[in-house]
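*Asks:* Sequence first, then the predicted structure, then my questions.
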Amino acid sequence: MNETTAMTTTEAISEFRKAFESGINSIVTAANIYVAAIDENPRNADQFRLAFADSIPSSAWSGFEAVGRKWMHPKLLMGPISNGKKSTMIKRLPYSMQERVFDRERFDLLCANGDKLQIDIMEATPEQAEQIFDGSSVRSLSAQKSFIESRREQAKSQPEPDVMPYTIMGGKVSFRRGVSLTRQEVKRLLQEM
C-alpha cells in the first residue's frame, strides 16, 4: 500500500465522523422541510410517500415528522440504542432530555448500598436507565430510592419456585440430604425419568 495516498485509520474515522454528522444534519433539514409541507397541507404527506416510495420505507415518515417537530432526536432514527427497551425509554423523554443523553451527560444513579454513581445512559443497562428516568424526567435520588424499594417489595411478593428435593440428570436421580418422599412424589419422580 502506498503511504502517500493511504488514509490512516484515525484520518478515516475523522472523515467518517464529518460525513456522518453532515448526514444527520441533512436528515434534520429534510425532516424540517417535510414538517413544513404537512403543516401547510396534511395531504402532502401522501405526496411525499409517493415521491419517495422507491427509496424511503413508509414506516420512516413518522420518524421524520418526529424529528422535524423535535419530538425525537435524529440519532434515534438510526435504530435501537444497544437495546430496544432503552431506545423506547429515551424516545419518551422530552427532546431537551434526549439531547442531554446524546451529549453523553452523566446522571446520578443510586446504588442499592446507598452509593451514588455518575452514569452515561448510553453505557447504562436498561434497568439502570429505567431507575434514572420515570418516563418523562430524571428521578431524584430520593425517588430512585423509592423505585429500588418498590422493586424489592415486588420481588418479595413473587412466590419462589418449589425446590425439588432431588435432581434428575442423565437418567440418574440425586437426592438431597434428609429427603423423604410421599408415594405421590415417587410416582411423579418416576414419570419425570
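*Replies:* That came through, no problem.
*Asks:* for this structure, which spans come out with low pLDDT?
*Replies:* Within the chain, the ranges that satisfy pLDDT under 70 run 1-5, 80, 159-164, 193.
*Asks:* ranges for the helices of it?
*Replies:* 9-40, 44-51, 61-68, 84-92, 95-102, 126-132, 141-157, 183-192 (DSSP state H).
*Asks:* just the angle between the first one and helix 44-51, please?
*Replies:* Put plainly, it is helix 9-40. Calculated by axes from the mean of the first three to the mean of the last three C-alpha atoms, to 10 degrees, helix 9-40 forms an angle of 130 degrees with helix 44-51.
*Asks:* And for the third one?
*Replies:* Note on geometry: by the same axes, to 10 degrees, helix 61-68 and helix 44-51 are set 120 degrees apart in direction.
*Asks:* what's the answer for the fourth one, then?
*Replies:* Between the axis of helix 84-92 and that of helix 44-51 there is an angle of 140 degrees, by the same axes, to 10 degrees.
*Asks:* can you list contacts of helix 84-92?
*Replies:* 72-73, 76, 79-81, 98, 101, 121, 124, 126, 129-130, 133, 135-136 (C-beta atoms under 8 Å, 6 or more residues apart in numbering). All C-beta spots, glycine's among them, are computed from the backbone N, C-alpha and C.
*Asks:* any idea which residue sits dead centre in this structure?
*Replies:* Taking C-alpha atoms, centre = their mean, the centroid of the chain lies closest to residue 86, which sits 1.8 Å from it.
*Asks:* re earlier: of the contacts of helix 84-92, select the buried ones using a PyMOL command.
*Replies:* Buried residues within the contacts of helix 84-92, by 16 or more other C-beta atoms under 10 Å, are selected in PyMOL with:
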select buried, resi 72+73+76+81+98+101+121+124+126+129+130+133
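*Asks:* before we move on, back to that, tell me how far the residue nearest to the centre of the chain lies from residue 173.
*Replies:* Distance, residue 86 to residue 173, by C-beta to C-beta, to the nearest Å: 44 Å.
*Asks:* Including distance to residue 109, could the helices of the chain go into JSON lines?
*Replies:* Shown next, in JSON lines, are the helices of the chain (distance: least, C-beta to C-beta, whole Å):
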{"stretch": "helix 9-40", "distance to residue 109": "28"}
{"stretch": "helix 44-51", "distance to residue 109": "41"}
{"stretch": "helix 61-68", "distance to residue 109": "28"}
{"stretch": "helix 84-92", "distance to residue 109": "14"}
{"stretch": "helix 95-102", "distance to residue 109": "14"}
{"stretch": "helix 126-132", "distance to residue 109": "6"}
{"stretch": "helix 141-157", "distance to residue 109": "7"}
{"stretch": "helix 183-192", "distance to residue 109": "44"}
